[in-house]
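*Asks:* mind looking at a prediction? Sequence and model below.
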Amino acid sequence: GAVVSQHPSWVICKSGTSVKIECRSLDFQATTMFWYRQFPKQSLMLMATSNEGSKATYEQGVEKDKFLINHASLTLSTLTVTSAHPEDSSFYICSARDGSRGISTDTQYFGPGTRLTVL
Amino acid sequence: AQSVAQPEDQVNVAEGNPLTVKCTYSVSGNPYLFWYVQYPNRGLQFLLKYITGDNLVKGSYGFEAEFNKSQTSFHLKKPSALVSDSALYFCAVSGNYGGATNKLIFGTGTLLAVQP
């Protein structure tokens, strides 16, 4: 149980284009999803917290107009990198928390990540 | 502010020997503590967590971790290392403030290298 998928697993795009990354919880309902960014040999940096049916909460320094997050259902959240530039190249990882069992579980389950390369 | 420290960038151990990956934390209130493992170009896999109760927590793949409140530590251990355990290990903490979106604060990660 507790499987999270991401699509695509890797993407290469031209500078100035937009890229959408999907995050799905396959066998549970995710009331909350998180989006992280990871640079090579570094830890995960939380970008935003996404609650189903409401606006995402962005961390300080993360541009909400550049990284658009939509959490339209309990099993799907999307991250759209708008007008991508080479400095946006990174490994993007989502996670989902199972809200059905109450706050005490508080375990985040992670997707396999999406490697974005902007040329 | 909450924080997690993993003092070792890399831990080297011979296969069959016990391994320890260190983690210390700083939080106000009672912590939720987690260990995750990441293989190259993959997302994080959940290993184990401490919420409350027994200080020794057993997790996946034979790993365990001991919560030590006085030392504010949550070291990851395994009695006998395997080459396949070689990966990047992250310790993380979240607060139990009762909010709906408790965030995970990650350590910087420790690369475990198990030599055959």
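*Replies:* Received the coordinates, thanks.
*Asks:* any weak-confidence spans in chain B?
*Replies:* Chain B contains residues with pLDDT under 70 at B:95-102.
*Asks:* ok, which stretches of it are strands?
*Replies:* Counting by DSSP state E, residue ranges of the strands within chain B are B:3-5, B:10-14, B:19-21, B:24-26, B:31-38, B:44-50, B:56-58, B:64-68, B:73-78, B:87-95, B:105-106, B:110-115.
*Asks:* can you put those strands in a markdown table and add distance to chain A and mean neighbour count?
*Replies:* From N, CA and C alone the C-beta is placed, and that goes for glycine too. Written out in a markdown table, the entries for the strands of chain B read as follows (distance: least, C-beta to the nearest C-beta, whole Å; neighbours: other C-beta atoms under 10 Å in any protein chain shown):
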| stretch | distance to chain A | mean neighbour count |
| --- | --- | --- |
| strand B:3-5 | 9 | 16 |
| strand B:10-14 | 11 | 14 |
| strand B:19-21 | 14 | 20 |
| strand B:24-26 | 14 | 17 |
| strand B:31-38 | 5 | 24 |
| strand B:44-50 | 4 | 20 |
| strand B:56-58 | 12 | 14 |
| strand B:64-68 | 14 | 18 |
| strand B:73-78 | 15 | 21 |
| strand B:87-95 | 6 | 23 |
| strand B:105-106 | 5 | 22 |
| strand B:110-115 | 8 | 17 |
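*Asks:* count of neighbours near residue 29?
*Replies:* Let's take chain A. The local packing of A:Gln29 (other C-beta atoms under 10 Å in any protein chain shown) involves 13 other residues.
*Asks:* ah, no, chain B please
*Replies:* 8.
*Asks:* how about it, phi and psi?
*Replies:* Note on B:Gly29: its backbone torsions stand at phi 90, psi -170 [degrees, to the nearest 10].
*Asks:* do the same with B:Tyr39
*Replies:* When quoted as degrees, to the nearest 10, the phi and psi of B:Tyr39 stand at phi -90, psi 160.
*Asks:* quick check: it touching B:Ser84?
*Replies:* No: B:Tyr39 sits out of contact with B:Ser84 when judged by C-beta atoms under 8 Å, with a separation of 9.5 Å.
*Asks:* quick one: residues contacting residue 72.
*Replies:* Just going to use chain A. When contacts are counted by C-beta atoms under 8 Å, 6 or more residues apart in numbering or on different chains, A:Ala72 touches A:52-53, A:78.
*Asks:* nope, chain B please
*Replies:* B:24-26.
*Asks:* likewise B:Asn55?
*Replies:* When contacts are counted by C-beta under 8 Å, 6+ apart, B:Asn55 is found next to B:66-69.
*Asks:* re earlier: quick check, nearest of the contacts of B:Thr72 to A:Cys13?
*Replies:* In terms of C-beta to C-beta, no member of those lies closer to A:Cys13 than B:Tyr25, at 38.5 Å.
*Asks:* surely that closest one and B:Val93 touch.
*Replies:* Yes: because the distance of 4.8 Å satisfies C-beta under 8 Å, B:Tyr25 is recorded as touching B:Val93.
*Asks:* shared neighbours of those two, which are they?
*Replies:* B:2-4, B:31, B:33.
*Asks:* now the two most distant members of those.
*Replies:* With distances taken as C-beta to C-beta, the most widely separated pair in these is B:Ser3 and B:Leu33, at 12.5 Å.
*Asks:* more neighbours: B:Tyr39 and B:Ser84, which one.
*Replies:* A side-by-side neighbour count of B:Tyr39 and B:Ser84, using other C-beta under 10 Å, places B:Tyr39 first with 13 against 10.
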